[in-house]
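Undergrad: Here's my sequence, what's the structure:
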Amino acid sequence: MSNGFCRKFNNATQRIFGNTVRPIVVVWETNDSRERWSAEARLVVNHGGMEISLGLGTASATTKKKAKDIAAEAGFDWLCSQFPSIDLSDI
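TA: Just a heads-up that it's a prediction; the model follows:
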């Protein structure tokens, strides 16, 4: 069951930055048999034809979805901490 943090991370990024910054969560498979999947929440901006990304939160988990959700939650939490003047409680 998804906790909706991917959606929250996307919506919070749009509220803060509009269309100038893109939120993504990158997921990859690892060789770790216990926590097979890793993920990282990132903010991406196109600057003069170059993509610049900022990694916000990483996670490892037994499933791809769980790793993605945990990383997105970390990204959302980071946005909340860096932009306290913007109300993100209704997202």
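Undergrad: lowest confidence element among the helices and strands of this structure?
TA: Using mean pLDDT, DSSP states H and E, strand 50-61 stands out as the lowest-scoring helix or strand of the chain, at a mean of 92.
Undergrad: Give me the below-cutoff pLDDT ranges for the chain.
TA: For the chain, the stretches flagged by pLDDT under 70 are 1-3.
Undergrad: Output the contacting helices and strands for the next helix or strand after the least confident helix or strand of the chain.
TA: For strand 50-61, the following helix or strand on the C-terminal side (DSSP states H and E) is helix 64-82. In terms of contacts (3 or more Cβ pairs under 8 Å, 6 or more residues apart in numbering; DSSP states H and E), helix 64-82 is packed against helix 5-17, strand 22-29, strand 37-47, strand 50-61. C-beta coordinates here come from the backbone N, C-alpha and C atoms, glycine included.
Undergrad: so helix 64-82 versus helix 5-17, what angle?
TA: 30 degrees (axes from the mean of the first three to the mean of the last three Cα atoms, to 10 degrees).
Undergrad: Relative to the whole chain's centre, how far out is helix 64-82?
TA: With Cα atoms, centre = their mean, to the nearest Å as the basis, helix 64-82 stands 5 Å off its chain's centre.
Undergrad: what does stretch 21-34 give?
TA: Averaging C-alpha positions (Cα atoms, centre = their mean) puts stretch 21-34 10 Å from its chain's average.
Undergrad: May I have the distance across it, first residue to last?
TA: Taking Cα to Cα, to the nearest Å, stretch 21-34 runs 34 Å from one end to the other.
Undergrad: who's in contact with it?
TA: Defining contact as Cβ atoms under 8 Å, 6 or more residues apart in numbering, one finds that stretch 21-34 is touched by 6, 9-10, 12-14, 36-45, 53, 60, 62, 64, 67-68, 71-72, 75.
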